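1. Any chance you can model this:
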Amino acid sequence: MLSDTLQRFPGIGSTVYQHLDASSRRAMRLVCKQLRAAIDDAVSSLDIALKDSDDPDEVLQRLARTSLRPSKLYLEKYSGTSTQPTLLLAALVALELVPVLHGVQHLTLSAVLPLSAALAMSSTMPQLRSLNVNCLMDVPVCRAWQHLPQLSSLNLTLTRASGAAAASLLLKGLEHITALKCLGLANSLGMVDECSLAACTQLTELYIYRWFPALTQLTQLQQLEIIEDLASDSLPLLATLPQLADLRLLTCPLHSSSQLSRFLFQHLTSLTVDSIHSRDLAALDCPQLQTLDLSELQVDSAASLRACANGILQHCNAIYKLFTYDHGQEFKSAAAGAEVRQLGPPPSASALLEALAPWQPRSGGEIEELGLCHLPNVSHEALEWLPVNIKSLTCESCHLLPGALSSVATRLTQLTCLDLITSPVAVTELQLLAARAQQGASLPKVYIPKAMSKEDVASLKSFISYTQSWTGHPPFVVIVT
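-> Okay, the predicted model is just below:
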């Protein structure tokens, strides 16, 4: 009867078991064997978190004596790393853990075992499909890869062991995991043999720190994420990957000799870039693109920004930082003497926002956020070019001319947040904004400049209260940071 009850409520077994484990051992001994067996049978996911005082070998020995048969096993240690497992290897040799591990399909080992022991443990799991390991790399060649026939997802966070010999170790043999489709190496910089990685031609998803040309052999790749800045000659190579559908980059620069070229990504449906120049973005030809995520867009010229606004930006609903190239990283590198492409003078704020005016998400939705950064001499006429369906507008370190904000409340009727924290704005300008807000939609939140004095803040709040007494509702809520 008890077993039937637990089967009708799949989650209750795991909950009861966790509760009992948190209690004393004496309480555990009072539980009848039938209840314990029923609960063990109901547990599909087991998370064992080790403290500094816990010995992972002893914990695994206790686990071997249970009737647990989880399909997901998480073994984590909050600090320190065991480098010399003794009882664990003995337990594996004696096959004590095999019944417990036989059905595990997803295994996570964090800061518990070195790579050799982690692979020895995982090799006892014939159904293992997903392996996530954070450990010391103590072996360069892992024959255990050949004993994981079902492994389709592998994520490695490797740390070098101490010693001169360990510093030269490179992990090899990944190509022997025949079923591997998803590989994560973003946190294992320079610790994996490039030839071994390039030989994993069956991969469809790859997360790495650095791109290198030999990866063009991975013709089955559909999803690719690169953590390090991309070299300027790498984008043409990425464009040769025939199945690539999801690309995530930190930067996406083009070599100066490629600026007039266009690069076709035939199957790309999703593109994520932290920082890119408008000229480089305009050079991307992505006929199947559905989603574009941008953090920073550096504007080279009004013409290239207009090309983006009429084209690829239709797949984007937020630009968190929009600024001219003279405030980007490339300008700083040029000032330090590094090579930089030759560009004309940066566009004015008015020319920049006029070029951006055609930007409308193709989905018909709103523009979630637009951040204007370091723009000089922003006038009322310049802000008139802003798309009307912006929900959140940030002016970061912008020089707003008198009267520049007068049209924001009346024209941007869908605006819900205006951030002026780092832009110097006189209290009279914000009072004008409050007065004009009564003619259009109200602004729920306005983050006022951090440099504004307490007296000016009090004056603004007094003006808003006065306005509310006449209209029955405040024009906006003042947020002081």
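2. List phi and psi for Ala118.
-> Main-chain torsions, Ala118, degrees, to the nearest 10: phi -60, psi -40.
3. measure it to Leu136 for me?
-> 10 Å (C-beta to C-beta, to the nearest Å). C-beta here means a position set from N, CA and C on the backbone, and glycine is covered the same way.
4. If you count surrounding residues, which of those two has more?
-> Ala118 (24 against 21; other C-beta atoms under 10 Å).
5. How far off centre is stretch 218-233?
-> Averaging C-alpha positions (C-alpha atoms, centre = their mean, to the nearest Å) puts stretch 218-233 15 Å from its chain's average.
6. pLDDT of it, averaged?
-> Across stretch 218-233, the average pLDDT comes to 91.
7. same check, this time on stretch 386-401
-> 94.
8. outside of it, which residues touch it?
-> 320-321, 349, 353, 356-357, 359-360, 366-380, 408, 411-425, 429 (C-beta atoms under 8 Å, 6 or more residues apart in numbering).
9. What's the ChimeraX syntax to select whichever of the residues you listed are buried?
-> Only the buried entries of those go into this ChimeraX selection, using 16 or more other C-beta atoms under 10 Å:
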select :320,321,349,353,356,359,360,366,367,369,370,371,372,373,374,375,378,379,408,411,412,415,416,417,418,419,420,421,422,423,425,429
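10. any weak-confidence spans in the stretch 101-250 of the chain?
-> Residue ranges of the stretch 101-250 of the chain with pLDDT under 70: 112, 141-142, 163-167.
11. now the strands: where do they sit in it?
-> 106-110, 130-137, 153-160, 182-184, 205-208, 223-226, 246-251 (DSSP state E, counting those that start in this stretch).
12. Can I get those strands in a markdown table including distance to Leu460?
-> Formatted as a markdown table, the strands of the stretch 101-250 of the chain follow (distance: least, C-beta to C-beta, whole Å):
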| stretch | distance to Leu460 |
| --- | --- |
| strand 106-110 | 51 |
| strand 130-137 | 51 |
| strand 153-160 | 50 |
| strand 182-184 | 50 |
| strand 205-208 | 48 |
| strand 223-226 | 45 |
| strand 246-251 | 40 |
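13. Ok, which of those strands comes nearest Ala199?
-> strand 182-184 (11.9 Å; C-beta to C-beta).
14. coming back round to it: and Phe463, which of the strands of the stretch 101-250 of the chain is closest to it?
-> strand 246-251 (44.8 Å).
15. on that earlier part again, between the strands of the stretch 101-250 of the chain, which gets nearest to Thr269?
-> Checked against C-beta to C-beta, the stretch from those lying closest is strand 246-251, at 6.8 Å.
16. And the contacts of that closest one?
-> 222-230, 238, 265, 268-276.
17. can you rerun that using 6 Å?
-> Gln223, Leu224, Glu225, Ile226, Asp229, Leu230, Ser270, Leu271, Thr272, Val273, Asp274, Ser275 (C-beta atoms under 6 Å, 6 or more residues apart in numbering).
18. Check the offset of stretch 355-365 from the chain's centre.
-> 25 Å.
19. what's the closest of the strands of the stretch 101-250 of the chain to Thr471?
-> strand 246-251 (47.3 Å).
20. who touches Gln468 in this structure?
-> For Gln468, the contacting residues are Pro474, by C-beta under 6 Å, 6+ apart.
21. Let's verify it: helix, strand, or coil?
-> helix (DSSP: H, G, I helix; E, B strand; the rest coil).
22. how far away is it from Asn155?
-> Taking C-beta to C-beta, one finds Gln468 at 55 Å from Asn155.
23. what's near enough to touch Ser379?
-> Contacts of Ser379 by C-beta under 6 Å, 6+ apart are Leu401, Ala404.
24. Tell me the pLDDT of it.
-> The model's pLDDT for Ser379 equals 93.
25. Please report phi then psi for it.
-> The phi/psi pair for Ser379 (degrees, to the nearest 10) reads phi -100, psi 170.
26. residues contacting Leu372?
-> Leu322, Cys395, Cys398 are the contacts of Leu372 under C-beta under 6 Å, 6+ apart.
27. Just the ones of those residues in strands?
-> Leu322, Cys395 (DSSP state E).
28. Most neighbours among the contacts of Leu372, which one is it?
-> That'd be Cys395 among these, by other C-beta under 10 Å, with 27 neighbours.
29. The residue nearest to it when sequence neighbours are not counted and Leu221, how far apart?
-> Nearest non-adjacent residue to Cys395, counting by C-beta to C-beta, 6 or more residues apart in numbering: Ser423, 4.5 Å away. Separation of Ser423 from Leu221 (C-beta to C-beta): 43 Å.
30. Just grab the bridge partners of Leu171 for me.
-> Beta bridges link Leu171 to Val192 when assigned by DSSP bridges.
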